[in-house]
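J.: Return atomic coordinates for the entry below.
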Amino acid sequence: MNSYTTLRPGQTAPDFEQDTTNGSIRFHEWIKGSWCVLFSHSREVSVATVSELAQAARLRPEWSRRGVKLIGLSIGSSDAHARWERDLLETRGLVLNFPVIADADRSVSTLYGVALTDSKISPVMRHVYVIDPDKKIRRVQTFSSAIGCDFNGVLRAVDDLQQTAKRIATTPVSDGRAGQDVQDSLTTQA
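T.: Next up is the predicted model:
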């Protein structure tokens, strides 16, 4: 059994103060009434890491249009993050346009239940948290580090969560495209 706590939708996202690629932040102050997507990475530069960072950076206009602040979480050192930034610029021509938390002491990872250890028995598990403006966790996605995160799917989830936050509604099955309408839920009284 590990010492990581599993966070669930409806819980308040834990607050923390930590260094990032953009300087030190206090998380709850940094959110400032915005939606937030916090996603974890391993410490290594890999094809999956660089491709995800590239997709997340390319989608900057979409995050902004939805009022979403994006932030990465890694137990890597500041040196590793600098390598990610260089690799992203050299191989993709993109600038890392969101902060990445430097969590070498694993304090934020522990708060969020992110098991970033790697062994043959316990592979690195990755997490994506969608957090609303009230700092409530609205969605948690957990997957193996062998699988890349599709941020188009995360955008679709954000669209659904933002629409259903405005009214009692359900969203239809999606082929991953953002912008589909929701249907008002029918409620019955007993």
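J.: before we move on, which element is the residue nearest to residue 53 when sequence neighbours are not counted in?
T.: Spatial nearest neighbour of residue 53, excluding adjacent residues (Cβ to Cβ, 6 or more residues apart in numbering): residue 88 at 5.4 Å. Bear in mind the C-beta positions are built from the backbone N, C-alpha and C, glycine included. Assessed by DSSP states H and E, residue 88 sits inside helix 78-92.
J.: same deal with residue 159?
T.: helix 151-166.
J.: And that helix, what's buried?
T.: Within helix 151-166, the residues scored as buried using 16 or more other Cβ atoms under 10 Å are 151, 154, 155, 156, 157, 158, 159, 160, 161, 162, 163.
J.: which other helices and strands contact it?
T.: strand 35-41, helix 47-58, strand 125-131, strand 137-144 (3 or more Cβ pairs under 8 Å, 6 or more residues apart in numbering; DSSP states H and E).
J.: Go through those and pick out the most buried.
T.: strand 35-41 (a mean of 24; mean count of other Cβ atoms under 10 Å).
J.: Off-centre distance for that strand?
T.: Remark: strand 35-41 is offset 2 Å from the chain centroid, using Cα atoms, centre = their mean, to the nearest Å.
J.: Point out where this structure drops to low pLDDT.
T.: 1-5, 42-49, 77, 115-124, 146, 167-190 (pLDDT under 70).
J.: what's the closest of the buried residues of helix 151-166 to residue 69?
T.: Proximity of these to residue 69 (Cβ to Cβ) peaks at residue 158, which lies at 11.3 Å.
J.: my guess is the residue nearest to residue 53 meets residue 50, correct?
T.: Yes: at 6.0 Å, residue 88 counts as touching residue 50 under the criterion of Cβ atoms under 8 Å.
J.: count of residues packed around residue 32?
T.: 9 (other Cβ atoms under 10 Å).
J.: tell me the phi and psi of it?
T.: phi 40, psi 50 (degrees, to the nearest 10).
J.: Skip the chain neighbours and tell me the closest residue to residue 139.
T.: residue 130 (4.0 Å).
J.: Would you mind writing the CA trace of the helix holding residue 159 as PDB?
T.: What follows is helix 151-166, C-alpha atoms only, in PDB (Å, rounded to 0.1, in the frame of the first residue of the first chain):
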ATOM      1  CA  PHE A 151      -5.600  17.200 -24.700                       C
ATOM      2  CA  ASN A 152      -8.400  17.400 -27.300                       C
ATOM      3  CA  GLY A 153     -10.300  14.900 -25.100                       C
ATOM      4  CA  VAL A 154      -9.500  17.100 -22.000                       C
ATOM      5  CA  LEU A 155     -10.900  20.100 -23.800                       C
ATOM      6  CA  ARG A 156     -14.000  18.200 -24.600                       C
ATOM      7  CA  ALA A 157     -14.400  17.300 -20.900                       C
ATOM      8  CA  VAL A 158     -13.800  20.900 -19.900                       C
ATOM      9  CA  ASP A 159     -16.600  22.000 -22.400                       C
ATOM     10  CA  ASP A 160     -19.000  19.500 -20.900                       C
ATOM     11  CA  LEU A 161     -18.100  20.500 -17.300                       C
ATOM     12  CA  GLN A 162     -18.500  24.200 -18.100                       C
ATOM     13  CA  GLN A 163     -21.900  23.600 -19.800                       C
ATOM     14  CA  THR A 164     -23.200  21.400 -17.000                       C
ATOM     15  CA  ALA A 165     -22.000  23.800 -14.300                       C
ATOM     16  CA  LYS A 166     -24.400  26.400 -15.800                       C
END
